[in-house]
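S.K.: Show me the folded form of this:
(one chain, ligands or ions: 1)
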Amino acid sequence: MKLTHFSLLVAFVLQGVYAVPNLPSNDLKPRRTSSILINPAAQPALPSAQQAASSSASVGLNLTNIQGDILIGMKKNKELFFFFSIVDPTSFKSQLGADILPLITSTTELLAVSTQPNTLVNIAFSQRGLTALGITDNLGDSLFTAGQLNDASSLGDTTSNWVSEFAGTSIDGVLLLASDTVDNINNTLSQLQSTLNGSISEVYSIQGQARPGNEQGHEHFGFMDGISNPAIDGFSTPLPGQAVVAPGIILVGEQGDGTTRPSWAIDGSFLAFRQLEQRVPEFNKFLIDNALSEPNLTVDQNTELLGARMMGRWKSGAPVDLTPLVDDPVLAADPQRNNNFNYTHPDFNLATDQSHCPFSAHIRKTNPRADIGGSFSEHIIRAGIPYGPEVTDAEAASNVSSTDPTLERGLAFVAYQANIGNGFAFLQQFWANNINFHTSSVGQDPIIGVATPDGPRSVGGLDPLDSTRDITLNQDFVISRGGEYFFSPSLSAIQNTFSA
Ligand code: HEM
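M.R.: I've put the predicted structure just below:
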């Protein structure tokens, strides 16, 4: 059935979902019949527009004012990150309000296929970009203000690995364009570029895409991703075991954000972007060379087990805390169960027992659940997407990643939070890279941790038969290629503060 503009308008009114009245809106554009998002069974479903409208009303959240990428997690199918510098601030400001704002996708628009745009368009600015636009208010986040390059050594990055454009600090902002096809994205980009008519110029771009076939939703090492994001009070109904956070942990100026902000910043969020290269052939070789030796498991199963204990989940997404020795794909695909764990078990010493999940496992390092009492504010919404091609036969045969830059693969990592120092940067610096978290000398996170100075590093707890045995990683399998910190403003801030 072809939806007319009028029937769409009626549908909006019936759902109680109406754009902020004084904002231009693209609600009346032609709509789609298939989603721009992926929805693997293991990932939590988005709330319906109706559910979200009623729960957001209960806490006074305005989902039509919040850019769409912030709360939807890792559900993008194809996504282009277009990093730009502002060449002509005066023209850009007037185009932003008049021509770009109507294309910016709100959260509400994404919640029903019929209201999704052809291509999601979101925009975020670095501190340098705010300055270029003459916005002098202090947003109250010192890491954002200083930029990510200044944070590189605290994050454990080797800046010689950074792509020059991130190290060059000429990035004023990023356009995020997401859809189900690259053609849609390219058409929207052409439309934006002709509208902007030279007021911005491209500095760098990364094309991300969900992996093909059965790997959809899995990151390049092969593990299902996007299973565990916190539920935002007022947006979604928590699933069993899911952390619930006040909206102000992710959205600036909302309840739970303890920092003083300019009033226009409300409903924005800080976007921490990282280009994280993944050395997949080397990771696979490491698992084979260090396969565990659980009795009753085959060599292949012991190989898989080591990877699962490094991540804290099997490749299917099933948590090792619930199924420690064998994968359970049915559990993995069940959102009612796949987050329902907190590392405690009856007759189990939480402080010493790593038989189910190592203390160093990636998901335990980055969300320690009951290890630190269960209720804490160091949460992020992860909204990244894999980039780069699949491993080639030649790479798989040699166990070495190609040096051809067009074959680089990894995760275009995106984290949203209201406070970068309490969110992404905290998780990376104080948990993942800290050999003494959560237990003395447990080692860094085997997936994303980095030793300073660079070099081989020992990780504890990976062997269930002897948790005191350290396993040495001679190299890191995730290499930071740099990134930037951005602020993703609300639609009303784009209209009233960012536009001329
Ligand atoms: C290439 C780099 C990375 C890979 C391959 C990776 C992979 C994964 C996978 C497979 C999961 C389990 C699925 C899920 O629970 O959603 C996960 C969870 C998670 N990751 Fe990462 N990740 C990477 C980088 C990062 C970084 C840089 C951070 C933050 C500093 C981070 C924070 C988290 C958090 C908070 C969770 C959820 C843990 C939980 O709630 O149980 N990840 N990651």
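S.K.: Could you use CA atoms for every contact and neighbour count after this?
M.R.: OK.
S.K.: Get me the contact residues on the stretch 251-400 of the chain for the ligand.
M.R.: Neighbours of the ligand within the stretch 251-400 of the chain, by Cα under 6 Å from any ligand atom: 276, 278, 363, 366-367.
S.K.: and if we set it to 8 Å?
M.R.: 274, 276-278, 311-313, 315, 317, 339, 362-369, 379-382 (Cα under 8 Å from any ligand atom).
S.K.: Pretty sure residue 137 sits in a helix.
M.R.: No. Residue 137: not assigned to a helix; according to DSSP: H, G, I helix; E, B strand; the rest coil it is coil.
S.K.: Excluding chain neighbours, give the residue nearest to it in space.
M.R.: Using Cα to Cα, 6 or more residues apart in numbering and skipping residues adjacent in sequence, the residue nearest residue 137 is residue 262, 6.7 Å away.
S.K.: Please name the nearest non-neighbouring residue to residue 369.
M.R.: residue 342 (5.3 Å).
S.K.: looking at it, residue 231 is touching residue 247, isn't it?
M.R.: No. Under the criterion of Cα atoms under 8 Å, residue 231 is not in contact with residue 247, lying 9.1 Å apart.
S.K.: ends of stretch 373-382, how far apart?
M.R.: End-to-end span of stretch 373-382 (Cα to Cα, to the nearest Å): 22 Å.
S.K.: Now do that stretch, average pLDDT.
M.R.: On average, the pLDDT along stretch 373-382 is 96.
S.K.: Tell me the buried residues in it?
M.R.: Residues of stretch 373-382 classed as buried by neighbour count (16 or more other Cα atoms under 10 Å): 377-382.
S.K.: Make CSV out of these and add secondary structure.
M.R.: Below are the buried residues of stretch 373-382 laid out as CSV (three-state DSSP):
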residue, secondary structure
377, coil
378, coil
379, coil
380, coil
381, strand
382, strand
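S.K.: Reformat those residues into a markdown table and put distance to residue 239 next to each item.
M.R.: Below are the buried residues of stretch 373-382 laid out as a markdown table (distance: Cα to Cα, whole Å):
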| residue | distance to residue 239 |
| --- | --- |
| 377 | 18 |
| 378 | 19 |
| 379 | 16 |
| 380 | 17 |
| 381 | 15 |
| 382 | 17 |
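S.K.: From the residues you listed, pick the one nearest residue 421.
M.R.: Residue 421 lies nearest to residue 378 out of those, by Cα to Cα, at 9.1 Å.
S.K.: Quickly note the distance from residue 302 to residue 293.
M.R.: Where residue 293 is concerned, residue 302 sits at a distance of 6 Å (Cα to Cα).
S.K.: For the two, work out which one has more neighbours and name it.
M.R.: residue 302 (22 against 17; other Cα atoms under 10 Å).
S.K.: Report the buried residues of the host helix or strand of the more buried one.
M.R.: Here residue 302, judged by DSSP states H and E, is contained in helix 299-311. Residues 301-311 are the ones in helix 299-311 that count as buried (16+ other Cα under 10 Å).
S.K.: Can you tell me which helices and strands it packs against?
M.R.: helix 280-289, helix 362-366 (3 or more Cα pairs under 8 Å, 6 or more residues apart in numbering; DSSP states H and E).
S.K.: who's in contact with the shortest one?
M.R.: Contacts with helix 362-366, where a contact means Cα atoms under 8 Å, 6 or more residues apart in numbering, come from 310-313, 357-359, 427-428, 431-432, 437-438, 445-448.
S.K.: Also stretch 451-466?
M.R.: 156, 292-294, 306, 309-310, 354-356, 358-360, 433, 441-446, 467-475.
S.K.: Name the residues of that stretch that are buried.
M.R.: 451, 457-464.
S.K.: Where strands are concerned, which of the contacts of stretch 451-466 count?
M.R.: Members of the contacts of stretch 451-466 lying in strands (criterion: DSSP state E): 471-473.
S.K.: from the buried residues of helix 299-311, which single one is nearest the ligand?
M.R.: Checking the buried residues of helix 299-311 against the ligand by Cα to the nearest ligand atom gives residue 311 as the nearest, at 6.4 Å.
S.K.: who touches the closest residue to residue 41 other than its chain neighbours in this structure?
M.R.: In space, and not counting its chain neighbours, residue 41 is closest to residue 333: 5.1 Å by Cα to Cα, 6+ apart. By Cα under 8 Å, 6+ apart, residue 333 lies in contact with 41-43, 316-318.
S.K.: Could you list the domains of the protein?
M.R.: 5-275+484-498, 277-382+393-400+410-482 (automatic domain parsing).
S.K.: Tabulate the ones in strands among the contacts of stretch 451-466 (a markdown table), appending distance to residue 412.
M.R.: Shown next, in a markdown table, are the ones in strands among the contacts of stretch 451-466 (distance: Cα to Cα, whole Å):
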| residue | distance to residue 412 |
| --- | --- |
| 471 | 28 |
| 472 | 27 |
| 473 | 23 |
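S.K.: quick check, nearest of these to the ligand?
M.R.: Nearest to the ligand among these, with distances taken as Cα to the nearest ligand atom, is residue 473, at 15.9 Å.
S.K.: For that closest one, the count of nearby residues, please.
M.R.: Residue 473, neighbours per other Cα under 10 Å, totals 16.
S.K.: Same question for the one 4 residues further on.
M.R.: Taking other Cα under 10 Å as the criterion, the count of residues near residue 477 is 23.
S.K.: My read is that it contacts residue 276, right?
M.R.: No. Using Cα under 8 Å, residue 477 makes no contact with residue 276, being 9.7 Å away.
S.K.: State the distance from residue 209 to the ligand.
M.R.: 14 Å (Cα to the nearest ligand atom, to the nearest Å).
S.K.: quick one on the thing from earlier: can I have the buried ones of the contacts of residue 333 as a PyMOL selection?
M.R.: To isolate the buried members of the contacts of residue 333 in PyMOL, using 16+ other Cα under 10 Å:
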select buried, resi 42+43+316+317+318
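S.K.: Where does residue 174 sit: helix, strand or coil?
M.R.: Per three-state DSSP, residue 174 ends up strand.
S.K.: Next, the angle from the helix holding residue 302 to helix 280-289.
M.R.: Direction vectors for helix 299-311 and helix 280-289, defined by axes from the mean of the first three to the mean of the last three Cα atoms, to 10 degrees, enclose an angle of 120 degrees.
S.K.: Residues touching helix 299-311, excluding its own?
M.R.: Residues from elsewhere that reach helix 299-311, judged by Cα under 8 Å, 6+ apart: 287-288, 290-294, 314-315, 320, 325-326, 357-358, 360-363, 445-447, 462-463.
S.K.: SS state for the residue of the stretch 1-150 of the chain found nearest the ligand?
M.R.: Using Cα to the nearest ligand atom, the single residue of the stretch 1-150 of the chain nearest to the ligand is residue 43, 7.7 Å away. Assigned with three-state DSSP, residue 43 falls in the coil class.
S.K.: out of the contacts of stretch 451-466, which are buried?
M.R.: 156, 292-293, 306, 309-310, 354-356, 358-360, 433, 442-446, 467, 470-471, 473, 475.
S.K.: Help me confirm that residue 425 is found in a helix?
M.R.: Yes. Assessed by three-state DSSP, residue 425 belongs to a helix.
S.K.: residue contacts, the residue lying closest to it once chain neighbours are set aside?
M.R.: Excluding its sequence neighbours, the residue lying closest to residue 425 (Cα to Cα, 6+ apart) is residue 155, at 6.9 Å. Counting by Cα under 8 Å, 6+ apart, residue 155 makes contact with 425, 428-429.
S.K.: Can you tell me the closest non-neighbouring residue to the closest residue to the ligand within the stretch 401-500 of the chain?
M.R.: Scanning the stretch 401-500 of the chain for the residue nearest the ligand gives residue 428, at 4.1 Å (criterion: Cα to the nearest ligand atom). Nearest residue to residue 428, sequence neighbours excluded (Cα to Cα, 6+ apart): residue 155, at 6.4 Å.
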